[in-house]
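Enquirer: Sequence first, then the predicted structure:
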Amino acid sequence: MGGDGVRPGPAEAILRQWSLRHAAALTLALPALATAAPVTYRFDPVHSQVWFRTDHQGFSHPLGRVRIKDGWFQFDEQDWSASRVDVEIDLSSVDMGDAKWNEMIQSGQLLDTARWPTARYTSRGVEKIDAKRGVIHGDLTLHGTTRPVDVAFTLNLIAPDPYAFKRKAGFSASATLPRSAFGIKRYADVIGENIQVLLEIEGLRDGSAAPKEP
């Protein structure tokens, strides 16, 4: 009975039941929306590039390139701290634009790719600086040695790619590696100590790219 003693009609009763059901459904859905998982992306091997440069006897800072072998990242636009990355770099793909230089860098005197053909970077946490910039705190395994490395990045764009028919995320990033910390110490009078790494990254949305959690 209503407060005025009038019983609700059939239409009013149906409307009230509909409202209660949808209110309950919305209440159940809100926690799920608030705890939505980060979106998983796989690296686009065509548009993702990894460049490096260092001092050459004070004359110049020549550029070289290595390629991404495999990997994935997760990015949460609402909570950057929930983001993660795991990427493997093919060191045998190193290209300085000259065959002899490539052989020297891959040799046991420097990268020793016969023993350590890849490098791997995994994140420990992601820190948001402002609306577009952040820092990845992670560990790099290179030349048989693992050291902490911070990667500063800028979020460029997250949007559908009409040519790939998938949603994409794009970033620009950079890091500095002291090569002696990874046991690469030869030719200190020729090759600079600090290696600057420059990355242009595009990821294709792919929910199966990351390994399943145990």
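Expert: Yep, that arrived. Since we're looking at a predicted model, the values are computed, not measured.
Enquirer: Residue 87 bridge partners, please.
Expert: In this entry, residue 87 is beta-bridged to residue 71, residue 121, by DSSP bridges.
Enquirer: list the contacts for it?
Expert: Applying C-beta atoms under 8 Å, 6 or more residues apart in numbering, we find residue 87 in contact with 43, 68, 70-73, 120-121. (Each C-beta comes from the backbone N, C-alpha and C, glycine too.)
Enquirer: among these, who's most crowded?
Expert: residue 73 (24 neighbours; other C-beta atoms under 10 Å).
Enquirer: how close does that one sit to residue 182?
Expert: 23 Å (C-beta to C-beta, to the nearest Å).
Enquirer: before we move on, what about residue 166?
Expert: Distance from residue 166 to residue 182, counting by C-beta to C-beta: 35 Å.
Enquirer: When those two are compared, which one has more neighbours?
Expert: The neighbour count for residue 166 versus residue 182, taken as other C-beta under 10 Å, is higher for residue 182 (21 against 15).
Enquirer: how far away is the closest residue to residue 205 other than its chain neighbours from residue 118?
Expert: Using C-beta to C-beta, 6 or more residues apart in numbering and skipping residues adjacent in sequence, the residue nearest residue 205 is residue 167, 4.2 Å away. Distance, residue 167 to residue 118, by C-beta to C-beta: 28 Å.
Enquirer: on that earlier part again, which of the contacts of residue 87 sits closest to residue 99?
Expert: residue 68 (22.3 Å; C-beta to C-beta).
Enquirer: check which helix or strand covers that closest one.
Expert: strand 63-75 (DSSP states H and E).
Enquirer: for that strand, packing partners?
Expert: strand 39-43, strand 49-53, strand 84-95, strand 194-205 (3 or more C-beta pairs under 8 Å, 6 or more residues apart in numbering; DSSP states H and E).
Enquirer: repeat that for 7 Å
Expert: Packing partners of strand 63-75 (3 or more C-beta pairs under 7 Å, 6 or more residues apart in numbering; DSSP states H and E): strand 39-43, strand 49-53, strand 84-95.
Enquirer: hmm, who's touching that strand?
Expert: For strand 63-75, the surrounding residues in contact (C-beta atoms under 7 Å, 6 or more residues apart in numbering) are 38-43, 45, 48-53, 83-91, 93-96, 118, 169, 203, 209-210.
Enquirer: Secondary structure of residue 102: a helix, I assume?
Expert: Yes - applying DSSP: H, G, I helix; E, B strand; the rest coil, one finds residue 102 inside a helix.
Enquirer: so of the helices and strands packed on strand 63-75, which one's packed in deepest?
Expert: A comparison of the helices and strands packed on strand 63-75 by mean neighbour count, using mean count of other C-beta atoms under 10 Å, puts strand 39-43 on top with a mean of 21.
Enquirer: Report the angle between that one and strand 194-205.
Expert: In terms of direction (axes from the mean of the first three to the mean of the last three C-alpha atoms, to 10 degrees), strand 39-43 departs from strand 194-205 by 120 degrees.
Enquirer: Quick check: neighbours of strand 39-43 in the sheet, parallel or antiparallel?
Expert: strand 63-75 (antiparallel), strand 194-205 (antiparallel).
Enquirer: Ok, which of those strands comes nearest residue 104?
Expert: Using C-beta to C-beta, those put strand 63-75 closest to residue 104, at 11.4 Å.
Enquirer: I'd like the average pLDDT over that closest one.
Expert: The pLDDT scores in strand 63-75 average 97.
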